Structures are given as C-alpha cells and as structure tokens.
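# Need coordinates for the below:
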Amino acid sequence: MKKIVLASNNIHKVKEIKEILSDYEILTLNDISFYDDIVEDGDTFLDNALIKARTISKYIRELGFDYDVIADDSGLCCKGLDGAPGVYSARYAGNHDDSANRKKIIHELKGKDKTANFVCCMVLYRPDDTYYSFEGTTSGVIISEERGKTDFGYDCIFLSDDLGITFGEASDREKNKVSHRKRALEKVKIKLEK
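As a prediction, this is how the structure comes out:
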C-alpha cells in the first residue's frame, strides 16, 4: 500500500482523510516523528498549505523517504467582511479562542451580508518538488445564535446551504459529506488515481 504523509496531527482531519483515501497508508506528523511548529505566515490558503507541504517533504527526504505529502489550509470567508477572516480564521479575535472568534464575527456582520464559505486549499506535494493544488468550498450563512456543538471553530454559527442546519448541529458523517475538505480531497483522490 502506497504511503502518503499528511502534514497534520489534527484527529478530525486524519479521520476524514483516512476514510476518503482508504487505498493509501496515511502517515501523520507523529508517525514520522515531526514535532516542530510550522509557522504559517502566508497571505493565502495556498501559501500556508505549501509552507507545510515543503517543510514536511524536505524533512522526510532528509530521512531517506520519497513519499508524497498532503497539506491543507482552510478557513471561513465572509462576503460582508470582504473575505475575512480567511487565513486568520483560527486567530481572528487575536488568539485561538473559538468562542471569541465567533462573537467577533457575529458582531462585525451586524447589518452586513452574512453569506459565507468555508474554503479548503489542499496541496499534493511530490518528492521532486512539483505540486498540485485543489480547492473545495461549501456555502452557507452566518447566523447570530449558536446552534449545536460549540467546541469546534465556527461550526455552530455556520448554517449550511447543503444541509439546512448548522455544522454544529450536523453529525460528523453529515458534515463530512458536504465539507470543503471533502470536496478538495475528492479532487486529490482523482489525481492520485491517474
């Protein structure tokens, strides 16, 4: 079975990616003993995905392996905020506090267009430094009251066009069927199968 390194230890991402790419052995950063922080200081989702992919590809080549690497960056883009918070989604309120981020978005969208998209840019990075990028999006609107689970990002205030409920109210299975990451990953899968 072909091995692919996922530039993440995020348990939600790992689970979702292993389900979609079930024909491959997915290795996490823990599996390759990579424990350093990667500074994601790019201006776009693609920039940040490439920073992670290049860092991990270089690391595993130094160990003598020639595995492909998958890396992604994703976030929430609100029409009424000219695409913000975008690459700053996780730290929009100045830190990594999901509750504070949600409160700031709700406050800033008062009287503005609440249309929003979750966007995922995923990179398939080869050992020869060539890469392919794929984007997945899912659309909805930001609502002013939290609904469902409040323990992950903006899910409980993102009312999905596809589901008719917030991502916070959706089961993992429901969310994963329409998620931005799933849509980007399906494109990666097609590329890997060619």
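# CA only for contacts and neighbour counts going forward, please
OK.
# Let's verify the residue nearest to the spatial centre of the chain: helix, strand, or coil?
By CA atoms, centre = their mean, the mean C-alpha position of the chain lies nearest to S74, the distance being 3.7 Å. Following DSSP: H, G, I helix; E, B strand; the rest coil, S74 is assigned to strand.
# element containing the closest residue to it other than its chain neighbours, please.
The spatially closest residue to S74, leaving aside those adjacent along the chain, is C120, at 4.2 Å (CA to CA, 6 or more residues apart in numbering). When secondary structure is defined by DSSP states H and E, C120 falls within strand 115-125.
# Now do the helix or strand hosting K13: which elements does it pack against?
In this assignment (DSSP H and E), K13 forms part of helix 11-20. The helices and strands touching helix 11-20, judged by 3 or more CA pairs under 8 Å, 6 or more residues apart in numbering; DSSP states H and E, are strand 25-27, helix 180-193.
# would you turn those into a markdown table with mean neighbour count and distance to E135?
Supplementary listing: the helices and strands packed on helix 11-20 in a markdown table, determined by neighbours: other CA atoms under 10 Å; distance: least, CA to CA, whole Å:
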| stretch | mean neighbour count | distance to E135 |
| --- | --- | --- |
| strand 25-27 | 17 | 20 |
| helix 180-193 | 18 | 5 |
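# Specify the stretch among the ones you listed that is closest to G94.
Closest approach to G94 among the helices and strands packed on helix 11-20 is made by helix 180-193 (24.4 Å; CA to CA).
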